[in-house]
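**Q** No sequence on hand, only this structure:
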């Protein structure tokens, strides 16, 4: 308990020091066009949420749109990746036919994929979805596939000996062994997804945090640009640590209960 | 060896009891019922790259009577485990037959086979109780019986109260007890045990053998037990089949008519062991 408090204290301490350094640098420079202070940014963020922006909507709208885009494209990529990865791991034919395609997809640079998707689908939601799926799904697939290869065959044999039907085998034998792989794919996929969505919003899609960032970038308004970047980062941090970390510790509760 | 459950399932070679002929009453065998009969069983593996075949099991015939403890003793690599896998239906075979007779009252039903492996093979992410429920669900045992079967069999192996514990919190011996309780919980027509004590230290293994004896008195399961340890086999069994390698065949069947409960240091048992060891090695070593 004491060590936990200590680590929380250290973490908040380091953030406070960073904010103070930033405030001091802004004070010294004394030029809000180059480096506005943290207080000015905080005031701008609050104002963006309270008052309609240049497109007639407040920040709630843009944050909501970005979150929805992330959620939809992320879920689609995860579902597709897990499905294809499982199929490859459990079915010889799928394995042999898909194995050659994976490295091809994995080597495609993310930013090129975003531009390609925009060229094919125009500035539409479908473009964003395709870009995310093209980049994220192969990674999730590979992770799942490797997970199936690392499964303990002796447990499969045990389950088959006791005549466990496929669905039971999947639920109680395969999935628990794949959970660590699913979570590591989850983290990576989420990080990739929000970066691609931000990129797509910056270069093409209308509305969203990336779109607002680019709008203010063109106005050369440093305060607003920084305000939107910080909004984005804070939002993603909350999702990563508040939601995923909790899900993960719940899933692996059985490990924690084992005496060390 | 690659293991593919879909193939094993499709080609399950274990036949159920003789077919029921319409219009005729099902014949009940009233003499000592045999739980499992193996007749001239043969299995070959192709030797990779040579086009030749290696005979794993040659002309194996044996029977295990209901409620009896039968051991197969043989040197490592003689095909004992393969034999158990064939009986369990997870490996195919090339000739002969394997017949498992479901217990009275379950005639015509799919035979129930319990299996205790060398290592416990528990699902570490499930509690002890849920490890047992796993096989009950797999075998379609009605849900309302689960709690009773879990409690009864954990009590039998001396693990009452460990229901909510996780396997990794238990010692190796206790994990193997859970594996035994799991196999017994499905009320198997036959319980296959593949050197179940070989991974334990000598003292734990000895204690486990005593406890297994006690379980036998209470639950009266039919057991086919595979081991390379003759003294273990003599202490536990009603009958012993001795197996040799090259080719893998049964060369002797011995009945152990020593009343239970037995002691491993009992003079009759030790004498019998001595004779059998001499005979066993004269055959097995002559092959090398």
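**A** All right, it came through fine. Since we're looking at a predicted model, the values are computed, not measured.

**Q** low-scoring stretches of chain A, by residue?
**A** Counting by pLDDT under 70, chain A shows low-confidence ranges at A:1, A:257-260.

**Q** Counting neighbours, what do you get for whichever residue of it sits closest to chain B?
**A** Residue nearest to chain B within chain A (Cβ to the nearest Cβ): residue A:164, separated by 3.8 Å. All C-beta spots, glycine's among them, are computed from the backbone N, C-alpha and C. When counting by other Cβ atoms under 10 Å in any protein chain shown, one arrives at 22 neighbours for residue A:164.

**Q** Ignoring the adjacent residues along the chain, who's closest to it?
**A** Using Cβ to Cβ, 6 or more residues apart in numbering or on different chains and skipping the chain neighbours, the partner closest in space to residue A:164 is residue B:138 (3.8 Å).

**Q** wait, that neighbour sits on residue A:166?
**A** No - using Cβ atoms under 8 Å, residue B:138 is not in contact with residue A:166, being 10.9 Å away.

**Q** unless I'm mixing things up, residue A:161 is touching residue B:115, no?
**A** Yes - Residue A:161 is within contact range of residue B:115, at 4.7 Å (criterion: Cβ under 8 Å).

**Q** Need the residues touching each of the two.
**A** residue B:88 (Cβ atoms under 8 Å, 6 or more residues apart in numbering or on different chains).

**Q** Chain B against chain A: which residues are in contact?
**A** B:3, B:5, B:8-9, B:88-90, B:110, B:113-115, B:117, B:119, B:121, B:123-126, B:134-135, B:137-139, B:166, B:168-169, B:186 (Cβ under 8 Å from any Cβ of the partner chain).

**Q** Now intersect the residues you listed with the strands, please.
**A** Among the residues of chain B next to chain A, the ones falling in strands (DSSP state E) are B:113-115.

**Q** now these as CSV including pLDDT?
**A** Below are these laid out as CSV (pLDDT from 0 to 100):
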residue, pLDDT
B:113, 92
B:114, 94
B:115, 96
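
**Q** quick one: low-confidence ranges for chain B?
**A** For chain B (pLDDT under 70), the answer is B:1-32, B:107-108, B:287-288.

**Q** Spell out for me which residue occupies the centre of it.
**A** The residue lying closest to the centre of chain B (Cα atoms, centre = their mean) is residue B:192, at 1.5 Å.

**Q** quick one on the thing from earlier: drop anything exposed from the residues of chain B next to chain A.
**A** B:5, B:8, B:88-90, B:113-115, B:117, B:119, B:121, B:123-126, B:134-135, B:137-139, B:166, B:186 (16 or more other Cβ atoms under 10 Å in any protein chain shown).

**Q** what residues does stretch A:183-200 touch?
**A** Contacts of stretch A:183-200 (Cβ under 8 Å, 6+ apart): A:66, A:69-70, A:73-74, A:77-78, A:81-82, A:110-111, A:113-114, A:117-118, A:127-128, A:131-132, A:135-136, A:139-140, A:143-144, A:208-210, A:213, A:232, A:236, A:239-240, A:244, A:248, A:251.

**Q** how much space is there between the residue in the stretch 151-288 of chain B positioned nearest to chain A and residue B:125?
**A** Nearest residue of the stretch 151-288 of chain B to chain A (Cβ to the nearest Cβ) works out as residue B:168 at 4.5 Å. To residue B:125, residue B:168 is 9 Å away according to Cβ to Cβ, to the nearest Å.
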